[in-house]
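Trainee: 3D, please:
(one chain, ligands or ions: 1)
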Amino acid sequence: MTKLAIMGAMEEEIEPLLAHFENVNIVEFANNKYYEVNYNGLDIVIAYSKIGKVFASLTAATMIEKFACDTLLFSGVAGGINPELKIGDLIIADKLCQHDLDITAFGHPNGYVPGGKVFVETTKSLRDVAIKVANENNLKVIEGTIATGDQFVHSTERKDFIQTTFKADALEMEGASVAVVCDALNVPFFILRAISDSADMDAGFDFDEFLKSSAKNSADYLIKIVKEL
Ligand SMILES: Nc1ncnc2c(CN3C[C@H](CCSCCOCCO)[C@@H](O)C3)c[nH]c12
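Mentor: Numbers count the residues shown, from 1 in each chain. Have a look, this model is predicted:
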């Protein structure tokens, strides 16, 4: 029987998800709160990690190792790189990388360390369900590369480096660490983001203005996907 982990990074990213559930049991663990619900017979654990790769890794590993989740879905917002992606648009990650992981001094490519890989691929069967749901609901969604790093990107210089180096379509601060954890623990996973800004000099203002509405776009789509699992 599937036990589903649904994760975000910020409270604003899981708020629109929690709104769909009743009878929520809260478990406090490792300086965080884990919300347990049952939805149409499916056991689900929901949590926001707090911002950044370290917190996201801790939460993803906890949901799998402590709560025994066997599938992990991430919902949240992202900075857009691909000019096709407008604010509010949805992107499903097909693969993810860490744009700030850098031992190029030793001749390695950006995003690579020994024993790791630059790109981690998400689970195709989950992406296929998501695309089916998007088609059935006439939702515009793209599949693309998401780059993760421990910084809020708000300059075209950094955005261009990430685009040039990784051919990334969007960027954020947690997805690739969730990917490494799920890949290592052999847990199917899915990363969904809605664009809140364009990671340029206006990113901070746009983020503040569109976080809530874009987080809802992502959450509403994710709930439709959960109903198909
Ligand atoms: N341009 C951008 N660069 C990097 N990431 C993103 C993302 C995706 N999420 C949003 C959030 C931004 C962290 S700062 C939030 C402000 O805190 C306000 C509380 O003081 C972090 O969890 C990553 C959207 N636009 C981005």
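
Trainee: which helix or strand contains the closest residue in space to A170 that isn't next to it in sequence?
Mentor: Nearest residue to A170, sequence neighbours excluded (C-beta to C-beta, 6 or more residues apart in numbering): A78, at 4.2 Å. Where C-beta positions appear, they are placed from N, C-alpha and C, glycine not excepted. A78 is part of strand 71-80, with elements assigned from DSSP states H and E.

Trainee: by contact count, what packs against that strand?
Mentor: With contacts taken as 3 or more C-beta pairs under 8 Å, 6 or more residues apart in numbering; DSSP states H and E, strand 71-80 sits against strand 3-8, helix 11-18, helix 53-65, strand 170-172, helix 175-184, strand 189-197, helix 203-226.

Trainee: note down every partner strand of that strand and its orientation.
Mentor: Strand pairing for strand 71-80, determined by DSSP bridges: strand 3-8 (parallel), strand 170-172 (antiparallel), strand 189-197 (parallel).

Trainee: show me the contacts for the residue nearest to A170.
Mentor: I91, I146, A170, L171, E172, R193, A194, I195, S196 (C-beta atoms under 8 Å, 6 or more residues apart in numbering).

Trainee: out of those, who's nearest K53?
Mentor: K53 lies nearest to E172 out of the contacts of A78, by C-beta to C-beta, at 10.0 Å.

Trainee: so that closest one is in contact with T148, correct?
Mentor: Yes - between E172 and T148 a contact is recorded at 5.9 Å, counting by C-beta atoms under 8 Å.

Trainee: quick one: which of these two has more around it?
Mentor: T148 (31 against 27; other C-beta atoms under 10 Å).

Trainee: can you name the residues bridging to the more buried one?
Mentor: Q98, E172.

Trainee: name the nearest residue to the closest residue to the ligand within the chain, ignoring sequence neighbours.
Mentor: Nearest residue of the chain to the ligand, counting by C-beta to the nearest ligand atom: G79, 3.1 Å away. Distances taken as C-beta to C-beta, 6+ apart put A199 closest to G79, at 3.2 Å, once the chain neighbours are dropped.

Trainee: surely the one you found is in a strand?
Mentor: No - using DSSP: H, G, I helix; E, B strand; the rest coil, the assignment for A199 is coil, not a strand.

Trainee: next one: it from N82, what distance?
Mentor: Distance from A199 to N82, counting by C-beta to C-beta, to the nearest Å: 11 Å.

Trainee: now swap in L192 and tell me
Mentor: L192 sits 16 Å away from N82, taking C-beta to C-beta as the criterion.

Trainee: get me the contact residues on the chain for the ligand.
Mentor: Counting by C-beta under 6 Å from any ligand atom, the chain comes close to the ligand at 9-10, 51, 76-79, 152-154, 171-174, 196-197, 199, 203, 207.

Trainee: now which of those would you call buried?
Mentor: Neighbour-count burial (16 or more other C-beta atoms under 10 Å) applied to the residues of the chain next to the ligand gives 9-10, 76-79, 152-154, 171-174, 196-197, 199, 203, 207.

Trainee: quick one, phi psi at I142?
Mentor: Reported as degrees, to the nearest 10, the phi and psi values for I142 are phi -110, psi 150.

Trainee: going forward, the N-terminal residue is numbered 859.
Mentor: I'll keep to 859 as the first residue from here, and by that count the last item is I1000.

Trainee: was I right about it contacting L948?
Mentor: Yes - with contacts counted by C-beta under 8 Å, I1000 reaches L948, the gap being 7.4 Å.

Trainee: before we move on, which element is I1004 in?
Mentor: Per DSSP H and E: strand 999-1006 holds I1004.

Trainee: tell me the average confidence for that strand?
Mentor: Strand 999-1006 carries an average pLDDT of 98.
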